[in-house]
Each structure stands twice: as C-alpha cells, then as structure tokens.
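*Asks:* Starting from these lines, generate the structure:
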Amino acid sequence: METKKKTIGILGGMGPLATMDLYKKIILSTEAAGDNEHIRVYIDGNSAIPDRTAAILSGGPDPVPEMLSALRNLEACGADCVIMPCNTAHYFLPRLQEQTGLPILDMRRITAEACAGRFPGKRACLLGTKGTIAAHIYDEALKAAGVEFLTPDAGEQDELMRLIYGVVKASKPLEPETEAWHELLTSLIGRGADYFILACTELPILADHLGHPGPFVDPTLELAKAAIRFCGYKVKE
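*Replies:* Numbers count the residues shown, from 1 in each chain. Modelled structure (predicted):
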C-alpha cells in the first residue's frame with residue numbers, strides 16, 4: 001500500500017512577500033522530476049493579522065485571533081503540519097500550538113541547529129525586527145544549540161527596521177537600498193559578526209536582491225527544508 005503523502009499548511013500574510021518567498025523555496029528545494037512529484041501546499045495569506053512587533057512592544061492588537069482563524073482554515077484543508085513565514089510570530093507559537101493537534105514547525109530551533117552545523121565556533125549576528133530582538137525570541141534556541149551571537153546596536157536596529165518596514169513591507173524598490181544594506185552588514189562585521197541570521201522573513205528578500213557575501217543563514221529556507229523532510233520528500237541538494 002502506498003504511503004499517504006503529507007501536506008504543508010502555510011500560515012501566511014506576515015507579510016505577503018515573505019509568504020511567497022517561503023512557498024517558492026519549498027518548490028525549489030524539493031527533489032522532483034515534474035509537477036506531480038511536488039508537495040501539496042495549502043496557503044492562508046491572512047494579511048489581516050495585526051503587526052506582531054507592535055503587539056509585543058507597544059500593546060498593539062493581539063495577532064493570535066486572526067492567526068487562529070488562518071490555522072482553522074489550514075486544519076479544514078487537511079494540512080499535516082503548519083509553518084509560519086514570520087520570525088516574530090513565533091513569540092506566539094506556544095499559544096497557537098495549544099489550540100491545535102497539528103505540529104507547528106519551530107523556525108527558531110530549526111535555524112539554530114543549522115547554524116551549529118554550518119558554522120561551529122563562529123559568532124552569528126541575529127538580524128530581526130525590534131520585536132524579535134527585544135523579546136529574545138531566538139535566544140533560548142541559539143543558546144541550546146551552542147551558538148554564540150550578537151545583535152545590532154540601537155542605530156543599526158533602526159536602519160534594519162527602516163529596510164524591513166519602510167522598504168520591503170511597503171513594496172518600495174529594493175535596488176536603491178544596496179549601499180545602505182552593505183554599510184549595515186559591514187558595520188556588524190566590524191563588531192565581530194562572522195555570519196548573519198536573517199531572522200525576519202523580509203531580510204532574505206533583501207539579501208537575494210541586493211547581494212553581499214554574508215555568509216547568511218536563511219531561516220525561511222531552513223524552515224522550507226524542514227517541512228519538506230517532515231512530509232517525507234527529499235530536499236534537493
């Protein structure tokens with residue numbers, strides 16, 4: 001009897017481009033000879049989910065009710081696992097997980113294990129939203145994996161937020177930001193960064209379009225690979 005193929009549910013909309021980027025990486029990273037060898041993927045691009053950073057830092061609207069609405073849709077579709085293309089949203093993962101029997105794959109743990117495997121003994125720089133950094137969303141996973149890391153200073157973090165919110169989320173042209181992106185990374189290398197964790201799902205979009213030798217760990221890509229393996233498919237090497 002043929003084993004039932006597992007499916008992926010993407011709890012998306014946080015933001016729309018990041019959701020598209022994750023789905024693209026699932027497709028490109030799956031070993032498949034044709035359309036019919038790819039994984040069935042359900043996507044709820046719920047752009048009504050309130051901003052996660054605002055909820056964490058300044059008492060903004062709770063995003064969990066809208067996230068649960070999307071989660072219920074993915075359950076109804078028949079997803080076997082759930083993934084979220086938003087690092088900051090993982091602050092709310094425990095609340096979501098207790099509301100569903102579906103496994104929600106944890107981008108933080110997956111990324112930390114990838115860092116430990118690829119860059120043993122090196123120092124990471126954790127790039128993310130103010131919400132991700134201030135709430136220490138990645139700290140426990142990185143420490144558990146033995147990954148040393150630093151974070152941007154206040155000025156660097158402000159510039160990072162401008163790039164995330166003022167450029168990528170605002171659908172502004174990326175190319176004019178090439179110099180600003182390179183200057184930011186150069187500054188962080190000067191402070192001791194050996195590589196960068198792109199811990200906001202808008203940042204791989206910047207890195208892909210604006211270039212820089214990095215090196216980078218892309219949590220979106222690592223999450224895509226983990227979901228592929230969960231579903232019993234092979235990751236294209």
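*Asks:* OK, contacts around I56?
*Replies:* Taking Cβ atoms under 8 Å, 6 or more residues apart in numbering, we find I56 in contact with T88, Y91, G131, A134, A135. Any C-beta I mention is one placed from the backbone N, CA and C, and that applies to glycine too.
*Asks:* And the helix or strand hosting it, what's buried?
*Replies:* Following DSSP states H and E, one finds I56 within helix 52-58. Within helix 52-58, the residues scored as buried using 16 or more other Cβ atoms under 10 Å are R52, T53, A54, A55, I56.
*Asks:* same deal with stretch 229-237?
*Replies:* For stretch 229-237, the buried set under the neighbour-count rule, 16+ other Cβ under 10 Å, comprises F230, C231, Y233.
*Asks:* Now tell me what touches it from outside.
*Replies:* The contact list for stretch 229-237 (Cβ under 8 Å, 6+ apart) reads 3, 5-8, 28-32, 39, 80-81, 103, 105, 225, 228.
*Asks:* Now with 7 Å, please.
*Replies:* Outside stretch 229-237, the residues that touch it by Cβ atoms under 7 Å, 6 or more residues apart in numbering are 3, 5-8, 29-31, 39, 80-81, 105, 225, 228.
*Asks:* Are any of the residues you listed buried, and if so which?
*Replies:* K6, T7, I8, S29, T30, I39, D80, C81, L105, K225, I228.
*Asks:* quick one: which of the residues you listed is nearest P16?
*Replies:* I8 (17.7 Å; Cβ to Cβ).
*Asks:* what sits against the closest one?
*Replies:* I8 makes contacts with I26, I39, V41, A79, C81, I83, A227, C231, as judged by Cβ under 7 Å, 6+ apart.
*Asks:* Could you report the pLDDT at it?
*Replies:* At I8, the model reports a pLDDT of 98.
*Asks:* How about T3?
*Replies:* 67.
*Asks:* now the helices: where do they sit in the chain?
*Replies:* Assigned by DSSP state H, the helices in the chain fall at 16-29, 52-58, 64-77, 93-97, 107-118, 130-134, 139-144, 154-161, 178-190, 203-210, 219-230.
*Asks:* Which neighbouring elements make contact with the third one?
*Replies:* Contacts of helix 64-77 with other secondary structure elements, assessed using 3 or more Cβ pairs under 7 Å, 6 or more residues apart in numbering; DSSP states H and E, are made with strand 8-12, strand 41-45, helix 93-97.
*Asks:* the inter-axis angle of the second one versus helix 219-230?
*Replies:* Just to be clear, that refers to strand 41-45. 140 degrees (axes from the mean of the first three to the mean of the last three Cα atoms, to 10 degrees).
*Asks:* how does the protein divide up, domain by domain?
*Replies:* 8-106+221-230, 108-219 (automatic domain parsing).
*Asks:* Need those domains in a markdown table (columns: distance to E237).
*Replies:* Below are these laid out as a markdown table (distance: least, Cβ to Cβ, whole Å):
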| stretch | distance to E237 |
| --- | --- |
| domain 8-106+221-230 | 8 |
| domain 108-219 | 14 |
